[in-house]
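got a predicted structure plus its sequence, pasted below:
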Amino acid sequence: MESTGAAFRVRTATWAEDFSALRAVRETVFVAEQDVPVDLEWDGLDPGCRHLLAEDAHGRPIGCARLLPDGHIGRMAVLAPWRGRGVGRALLRAMLAQAAASGFAMVRLNAQVQALGFYAREGFQACGDVFDDAGIAHRAMQLALQDH
């Protein structure tokens, strides 16, 4: 699976082969930028997840996302210089395609509150109350794939 943007591409990644690239993006965004504790970021679930990696025209990692076996999308991250350039949207749409191809009827995610609009524009609906995760306000969201 691969999709391309003007100056980037999104491809399927594997934890075993792409660990260092995925880790570089997540540590930059979540650990360094957002102060997520390292032990919370590295939750041990990655080997059993599907991963996507966004790369610039030179093959450098610029974004990532993962899909848990239960259909939960998480660890969506885009490096700051690449935000607002369609990388996050490309990652999310590619992940939704993978989830649909895997037979999921519904996907869920826990969105940081400042990203609610991003996910809502892609059809996600907020559900439940705002909650704290790693010191950051989040809200659960879901999307029925047959409606998308």
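Nice, I can see it.

pLDDT score for Gln146?
In this model, Gln146 is scored at 80, pLDDT.

make sure it is actually in contact with Val107.
No - assessed by CB atoms under 8 Å, Gln146 is found out of contact with Val107, at 11.3 Å. In this view, the C-beta of every residue, glycine as well, is placed from N, C-alpha and C.

compare those two (neighbour count), which wins?
Val107 (25 against 8; other CB atoms under 10 Å).

chain center to the host helix or strand of that one: distance?
Applying DSSP states H and E as the criterion places Val107 in strand 106-112. Offset of strand 106-112 from its chain centre (CA atoms, centre = their mean, to the nearest Å): 10 Å.

and the next helix or strand past it?
Later in the chain than strand 106-112, the nearest helix or strand by DSSP H and E is helix 116-121.

got the buried residues for that next one?
Within helix 116-121, the residues that count as buried by 16 or more other CB atoms under 10 Å are Leu116, Phe118, Tyr119.
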